[in-house]
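Q: Predicted model and sequence follow; I will ask about them next.
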Amino acid sequence: MRKSSPRWKALLAIALATSLLAAACGDDGGKSDTASTGTTGATAKTGATGTGATAATAATGTTKKATVAGCEKGYSDPADLSLTRAVARCSAGAPAPVPLATKTKIVIATNFKLEFNSPVAVANTLGEYAKENLEVEFVNLSYANSIPQLANGQVDVAVGGFETAMFNAGAQDIAIKVIAGNYFPPKASNYTVAQTGLWCRKDSFTTPDKPILKEIETKKWATAAGRGSSAVYYSAAEIQKRVPDFNIKKVDIQTVASTDIIAALKNKAIDCGILLDPLWTQVKDDPAFFQAATQTPGEPLGQMSFGKNLLVDKPEVGQAFLRAYIRTVNTYFAGNYHQDDKVMAEIQKWTGATAENQAVLKGLDSLTFDWEVRSGTTTRIQQLFIDLGVITTFTTPVVESKIVDRSVYEKVLGVK
Amino acid sequence: MVSPHLQAQAVAETDRIESQAKLVREARGIDKDPVGYARRRRILFTILGFGVPILILGFWQIAAQNGWINAKFYPSPLDNLRQLRQMFDKRDFASDLGLTLKRLAWGWLWGSLSGVVFAYVLGMSRVVRAAFEPTLNALYTVPKIALLTPFLIIFGFKDKPVIILISVTVFFFVWVPTQAGVMSVSESYREAATSFGANGWQMFRHVIWPATLPGLFVTLRVAASVSVLSVIGIEFAYAPRSKGLGYVINTARQTFEPRIAYAGIFVAALIGVIFQAIVKQVGHLVVRWEKDDRGAPTV
């Protein structure tokens, strides 16, 4: 039997090293997404939009632009993860409606009636869907439970987060794609401004006057959506910016209903909890608590998905829906809409908020709605979930192209 | 003098009437060979007991394999079984199962014990019944899962609130029928015991207890199923340490892993069947004078 010579071995080693290097340096965005985060170790994989502004990935210098009238600034490079990125926007009323030839009904599934998905509802009440000759029906269904319905065509659009169910569906080649992002808090990562995020009890730390953030990995956290929630992702990413060796795997993460988290914190049943709007306002002025993490900046962590109906069978209907949605964002949600009584009244209709909560909401910063999907978000979240053992059916993140389809908003905005 | 003709007619008529009145039937299997018949029936019942679910699972398997149903959403039973093996191998499923069984056993035990005690005390004492029954009736209709949040806050985010919630659920399923059983013990039995000078304890020990015991074991079987439902349902909403069969099923549902969800559901069903069988068997041993559900004495 012939033995391989040392020269062959050396060549083989060089080839292997080169390919590893190429993989490690590979671009994470667009079609070249290889699902490799190019990082090692659980703690290093949780970095969201880079690790802070200095590490933010620079734009790849795409020459693509939105060409639809009024939407010249309606597109940004998905690979641009910089904190200074201008969110994609069109002028009010753009993109202009392109009514369908026949009135078409679509079914939208969401089990939230919150501010973050209110543009989907406001588009209906303020007639933006009607301008596209669309009729919508809302069904109360969680994203995970919508997956079979999306695939079978009983539901057309589902609203959810970047969640494990979506990744598992992508891994199984189920015809569901994320077609748009939703929002990010305008002051995410700014710890001088109280906001939604991970809040902790100071007295659970060894030095309550000045809690040592590293200790947070030994604490008991609570989230409404459990370990597989995007809240865990952004908390880990934000803490890791300040504590590079932070290990999310050590954290004891409990699933507790959102509205019970405050009570659990106050009863010392948990040390930290994800407090959504407007729950965090109950502790923001309490010196016994501090904010440990905000959402990652400039990165929408929620999404809307299309199923087979709007992706394959009737793409023009899907475009009409998204056009109405984007127009709603540009017309009603582009600025500080919390000061716009008309919009706030529509939001209140959707959320059913009490006058008291509505007043609290008015005092907060408006959300930054962003229909675009940042490059690599799905890969980073998947990697964290794999490390945490939330995703168990595969060990390498599913490539982005199997999960995200940016072509719908690109067509709507005439991106060329 | 009756003519011979008429006599013959009368005899013939009498024979006809007698032959009509006589019940004549062929000896059946149970008459010819009662032991063999009982054995054959047992085999038949066993085959039916296993055969029907196997038939359903078989149809499901064929449907999934042939694409009659979407196997991504409704994985075949064999796929689910393979998944179950993987869960034991790779996912520390044994500890999830162990915790659920622990919560289930304690919840059922405390719920049943308290239910039985309340049933007999309330069933035998009008005064106690008048004092507690309206309150208990009001609590009966409260959806128990709604008590989870206050229980979590009162008892902490541990196993205790889960076990207490299962107990509370089981309590009502045991208390109501058992108390009804106690109150429906025949008055003639009570009078007989009273005429023999039985005191309260003797009345309970020799009349009420044996008369209600068969019904109590039926109730405890129902309670076994209810406790399985409860523990899984509660773990859907809150699972201490994020562990438990309900947590596994719910997480699989939320994360779109149907094979894990179905494997978990299969295990939950199996727990229910085994738990019921255990209670039933204990019932047969304790209530030896009662006939089993095939109509045969248990001894």
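A: Good, I have the coordinates. Residues are numbered from 1 along each chain as shown, chains lettered A, B, ... in the order given.

Q: where exactly do the helices run in the chain?
A: Just going to use chain A. A:6-25, A:118-125, A:128-131, A:143-152, A:164-171, A:230-242, A:261-266, A:308, A:315-332, A:341-351, A:355-362, A:377-388, A:407-412 (DSSP state H).

Q: that's the other chain; I wanted chain B
A: B:4-21, B:29-32, B:34-65, B:77-90, B:93-124, B:126-140, B:148-155, B:159-183, B:187-195, B:200-203, B:209-237, B:245-254, B:258-286.

Q: so how far is the last one off the chain centroid?
A: When you say that, I think you mean helix B:258-286. How far helix B:258-286 lies from its chain's middle: 10 Å, per C-alpha atoms, centre = their mean, to the nearest Å.

Q: Go through that helix and flag the buried ones.
A: B:258-268, B:271-272, B:275-276, B:279-280, B:283-284 (16 or more other C-beta atoms under 10 Å in any protein chain shown). Just so you know, the C-beta spots here come from the backbone N, C-alpha and C atoms, and that holds for glycine as well.

Q: Return the list of helices and strands in contact with that helix.
A: helix B:77-90, helix B:93-124, helix B:209-237, helix B:245-254 (3 or more C-beta pairs under 8 Å, 6 or more residues apart in numbering or on different chains; DSSP states H and E).

Q: before we move on, the earlier item: and chain B, which of the helices of chain A is closest to it?
A: Nearest of the helices of chain A to chain B, taken as C-beta to the nearest C-beta: helix A:164-171 at 3.6 Å.

Q: quick one, that closest one and helix B:258-286 angle?
A: 120 degrees (axes from the mean of the first three to the mean of the last three C-alpha atoms, to 10 degrees).

Q: re the thing from before, make TSV out of the helices of chain B and add distance to A:Val256 and mean pLDDT.
A: Shown next, in TSV, are the helices of chain B (distance: least, C-beta to C-beta, whole Å; pLDDT from 0 to 100):
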stretch	distance to A:Val256	mean pLDDT
helix B:4-21	77	76
helix B:29-32	60	78
helix B:34-65	36	92
helix B:77-90	25	90
helix B:93-124	18	96
helix B:126-140	25	93
helix B:148-155	8	86
helix B:159-183	12	95
helix B:187-195	52	90
helix B:200-203	48	90
helix B:209-237	9	94
helix B:245-254	13	91
helix B:258-286	21	94
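
Q: which one of these lies closest to A:Leu388?
A: Nearest to A:Leu388 among those is helix B:245-254 (11.9 Å), distances taken as C-beta to C-beta.

Q: Can the closest one be said to contact chain A?
A: Yes - against chain A, helix B:245-254 shows contacts by C-beta under 8 Å from any C-beta of the partner chain at B:247, B:251, B:253-254.

Q: What is the burial count for A:Pro97?
A: By other C-beta atoms under 10 Å in any protein chain shown, the residues close to A:Pro97 number 19.

Q: give me the number of residues near the nearest residue to it once chain neighbours are set aside?
A: Spatially, and ignoring its direct neighbours in sequence, A:Pro97 is nearest to A:Lys131 (3.9 Å; C-beta to C-beta, 6 or more residues apart in numbering or on different chains). Look at A:Lys131: counted by other C-beta under 10 Å, it has 18 neighbours.

Q: Quick check: which of the helices of chain A is nearest to B:Trp68?
A: Short answer: helix A:143-152, nearest of the helices of chain A by C-beta to C-beta, at 14.3 Å.

Q: helices and strands around the closest one, which ones?
A: For helix A:143-152, the packing partners by 3+ C-beta pairs under 8 Å, 6+ apart are strand A:104-109, strand A:157-161, helix A:164-171, strand A:302-306, helix A:308, helix B:245-254.

Q: Other residues contacting the first one?
A: It stands for strand A:104-109. Defining contact as C-beta atoms under 8 Å, 6 or more residues apart in numbering or on different chains, one finds that strand A:104-109 is touched by A:120, A:133-143, A:145-146, A:149-150, A:154-159, A:309-310, A:314, A:317, A:320-321.

Q: Up against chain A, what does the stretch 101-250 of chain B have?
A: When proximity is defined by C-beta under 8 Å from any C-beta, the stretch 101-250 of chain B lies next to chain A at B:149, B:152-153, B:156-157, B:237-242, B:247.
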